[in-house]
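Student: Sharing a sequence plus its predicted fold:
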Amino acid sequence: DGGITQSPKYLFRKEGQNVTLSCEQNLNHDAMYWYRQDPGQGLRLIYYSQIVNDFQKGDIAEGYSVSREKKESFPLTVTSAQKNPTAFYLCASSIQTLSNYGYTFGSGTRLTVV
Amino acid sequence: EDQVTQSPEALRLQEGESSSLNCSYTVSGLRGLFWYRQDPGKGPEFLFTLYSAGEEKEKERLKATLTKKESFLHITAPKPEDSATYLCAVQVNTGNQFYFGTGTSLTVIP
């Protein structure tokens, strides 16, 4: 079955540590996205990529970095510069042109600072 | 500025008590409006896409409608398994990004 796989489901980060969240899709979608979800707030866009080896900053990119070396993979690194990283992180993908289904989402990674 | 607002923030219904969730939007040009369902600790799951005013879509107990300024998600005779957060998102003509509302948390009590 096609879909998006995020791992790990739960992740704990120590102060000053970088951590990487994995996102893999087998839907053959060109575009991939990372969103952050906090209680009482809408999903906020961190980074997105519309093609391999290219990506753009979203609304809250500071303290995060991404890479897009393969069409299927779009990992997100939460760096030590991100001062408030505790949140639920969602990866999504879509085809380039308008899709009747919008985004397909992964099951999320919950990151907690310890 | 493009904006999406959902109301109410939370809704508690008795099983069988029908109601509606609202999604109002202010965007430069609507390309599509999307409804998603999100269960706790999971990613959002696609429900409907609406493209133009007057359009309606149905799925089991859910019916989505669209006007030029807002969308409604009507829930008819809800069951406890309908309990979830319902998210609205708008795609604008100028790009491939979506603007999400903050969601409505629905609880259906047996």
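Tutor: Ah, there it is. Residues are numbered from 1 along each chain as shown, chains lettered A, B, ... in the order given.
Student: what about the strands in the chain?
Tutor: The chain I'm using is chain A. Using DSSP state E, the strands of chain A run over A:4-7, A:10-13, A:19-25, A:31-37, A:44-51, A:54-57, A:64-66, A:76-78, A:87-94, A:104-105, A:109-113.
Student: Chain B was what I was after
Tutor: For chain B, the strands defined by DSSP E occupy B:3-7, B:10-14, B:19-26, B:30-38, B:45-50, B:56-59, B:62-66, B:70-75, B:84-92, B:98-100, B:104-109.
Student: From the contact counts, what lies against the shortest one?
Tutor: Other elements packing on strand B:98-100 under the criterion 3 or more Cβ pairs under 8 Å, 6 or more residues apart in numbering or on different chains; DSSP states H and E are strand B:3-7, strand B:84-92. For glycine as for every other residue, the C-beta is placed from the backbone atoms N, C-alpha and C.
Student: ranking these by burial, who's on top?
Tutor: Of all the helices and strands packed on strand B:98-100, strand B:84-92 has the most neighbours on average by mean count of other Cβ atoms under 10 Å in any protein chain shown, namely a mean of 23.
Student: contacting residues around the most centrally placed residue in chain A?
Tutor: Closest to where the C-alpha atoms of chain A average out (Cα atoms, centre = their mean) is residue A:34, at 2.8 Å. Residue A:34 makes contact with A:21, A:23, A:45-48, A:58, A:64, A:66, A:74, A:76, A:89-92, according to Cβ atoms under 8 Å, 6 or more residues apart in numbering or on different chains.
Student: any chance of the strands of chain A in CSV, plus distance to residue B:63?
Tutor: Listed next are these as CSV, based on distance: least, Cβ to Cβ, whole Å:
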stretch, distance to residue B:63
strand A:4-7, 28
strand A:10-13, 36
strand A:19-25, 31
strand A:31-37, 26
strand A:44-51, 29
strand A:54-57, 36
strand A:64-66, 38
strand A:76-78, 36
strand A:87-94, 25
strand A:104-105, 23
strand A:109-113, 33
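Student: Low-confidence bits of chain A, can you list those?
Tutor: Applying pLDDT under 70 to chain A flags residues A:1, A:96-101.
Student: so how far is residue B:45 from whichever residue of chain A sits closest to chain B?
Tutor: Nearest residue of chain A to chain B, counting by Cβ to the nearest Cβ: residue A:105, 3.4 Å away. Distance, residue A:105 to residue B:45, by Cβ to Cβ, to the nearest Å: 7 Å.
Student: what do those two both touch?
Tutor: residue B:36.
Student: So between these two, which is more surrounded?
Tutor: residue A:105 (23 against 13; other Cβ atoms under 10 Å in any protein chain shown).
Student: Spatially, what comes nearest to that one if we skip its sequence neighbours?
Tutor: Counting by Cβ to Cβ, 6 or more residues apart in numbering or on different chains, residue A:105 lies nearest to residue B:43, which is 3.4 Å off, once chain neighbours are set aside.
Student: residues contacting residue A:65?
Tutor: Shown in contact with residue A:65 (Cβ under 8 Å, 6+ apart): A:76-77, A:79.
Student: From these, pick the one nearest residue B:28.
Tutor: Nearest to residue B:28 among these, counting by Cβ to Cβ, is residue A:76 at 28.9 Å.
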